[in-house]
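Here is the input, now give the coordinates:
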Amino acid sequence: MLEVIVLGSGSSGNALIVRCGDATVLVDAGFSCRDLLRRMAAVGVDPGDISGILLTHEHDDHVRGLRLFLRQYKTPVYAAPQCFDTPALSGIEFRGREFLRDGEEVSIGSLSLKPFAVPHDAAATFGFVYECGGVRAGHATDLGVVTPGVAKSLKGCHCLLVEFNHDVDRLLAGGYPLKLKARIRGELGHLSNEQGAGLLSGAVCNETKAVYLMHLSRNNNLPALARMAALEVLDGFNLRLEVASHGEPSPAWVG
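Purely as a prediction, here's the structure:
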């Protein structure tokens, strides 16, 4: 049985739990340690039971609570080697460091996971496919474009967690500086609703049971706009559609 719990996702912070048998994994720690622990308690996860922490990359909205969490819980951290060398992770006392590499499968207890590279302006950024007992969940956020490798990795997953960061019209009309707007829309930035929908259109199949729309911008998107874009490509599929919230955990998916 594979369980996925989005603790929160958006431009202000990101974290999720993946559970399989004897393994409970935290993916990213992008909230303050206090908030992270509060969210875990709300969904019945004991932080002392975390088998490992996976990092998609080292940006603050993905590692904000990591330093303090590791002072309390000596949990091994899995990340690309380049991430460990960044200022964001400097000075952290790691009890265990495990290097992730593109396409190389890793096992944590009975959970198998395979990282795949995504294009983003970080030292290195991964999406993940989590697998347990033949059930697969695919997770891709913080990418500027959909590469063939990303599309191939996510195709046919039973659960999909995909970035729907911004609505292009809201971004262009908003108050962000032009340089930041260009960064968000660039090939190393974030997926728009339309790009996220395009990724879904190639990944969803009759075996897909749930889709989570992830990493929505507070300023440049609305849940209703993201949902509308997704529904345009999900018509005819019998699945659950969730828009991940910034503020609270989303309903869990179990497959």
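
Residue 213 contacts residue 196, doesn't it?
Yes. Contact criterion C-beta atoms under 8 Å: residue 213 and residue 196 qualify, at 6.9 Å. To be clear about C-beta, it is placed using only N, CA and C from the backbone, and glycine gets the same treatment.

who touches both of the two?
162, 164, 226, 230 (C-beta atoms under 8 Å, 6 or more residues apart in numbering).

The last one is in what secondary structure piece?
What that stands for is residue 230. helix 223-234 (DSSP states H and E).

Other residues contacting that helix?
So helix 223-234 is contacted by 164, 167, 170, 193-194, 196-198, 200-201, 204, 211, 213, 216, 241, 243 (C-beta under 8 Å, 6+ apart).

can you do 7 Å?
164, 167, 193-194, 196-197, 200-201, 204, 211, 213, 216, 241, 243 (C-beta atoms under 7 Å, 6 or more residues apart in numbering).

One more: stretch 81-88?
55, 57-58, 60, 63, 89, 97, 99, 123-124.

Now do it: distance from first to last residue.
13 Å (C-alpha to C-alpha, to the nearest Å).

same check, this time on stretch 38-52
End-to-end for stretch 38-52, by C-alpha to C-alpha: 19 Å.

Pull out the buried positions in that stretch.
The neighbour-count criterion (16 or more other C-beta atoms under 10 Å) identifies 39-40, 43, 45, 47, 50-52 as the buried residues of stretch 38-52.

Specify which member of these is nearest to residue 73.
For these, the residue nearest residue 73 by C-beta to C-beta is residue 47; the value is 5.5 Å.

Show me where the stretch 101-250 of the chain has its strands.
106-108, 111-117, 126-132, 135-140, 159-163, 210-214, 240-243 (DSSP state E, counting those that start in this stretch).

still on that earlier bit, now render the shared contacts of residue 213 and residue 196 as CSV, adding distance to residue 3, pLDDT and neighbour count.
What follows is the shared contacts of residue 213 and residue 196, written out as CSV (distance: C-beta to C-beta, whole Å; pLDDT from 0 to 100; neighbours: other C-beta atoms under 10 Å):
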residue, distance to residue 3, pLDDT, neighbour count
162, 19, 98, 28
164, 22, 98, 32
226, 24, 98, 27
230, 22, 98, 22
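
Just flag the most distant two among these.
Longest span within the shared contacts of residue 213 and residue 196, C-beta to C-beta: 162 and 226, 10.2 Å.

Tell me the residues that contact both of those two, please.
Contacts common to residue 162 and residue 226, judged by C-beta under 7 Å, 6+ apart, are residue 213.

Now do residue 69 against residue 28, distance only.
11 Å (C-beta to C-beta, to the nearest Å).

Of those two, which one has the most company?
residue 28 (28 against 24; other C-beta atoms under 10 Å).

what's the closest non-adjacent residue to the more buried one?
With C-beta to C-beta, 6 or more residues apart in numbering as the criterion, residue 28 has its nearest non-adjacent residue at 4.3 Å, and that residue is residue 62.

Neighbours of that neighbour, how many?
26.

again with residue 31
Residues near residue 31, counting by other C-beta under 10 Å: 23.

contacting residues for it?
8, 13, 15, 39, 64-65.

which SSE is it in?
Counting by DSSP H and E, residue 31 is part of no helix or strand.

What residues are bridge-paired with residue 17?
For residue 17, the beta-bridge partners under DSSP bridges are residue 5, residue 26.

which residues does it contact?
So residue 17 contacts 5, 7, 24, 26, 45 (C-beta under 7 Å, 6+ apart).

Weed out the non-buried ones from those residues.
Members of the contacts of residue 17 classed as buried by 16+ other C-beta under 10 Å are 5, 7, 24, 26, 45.
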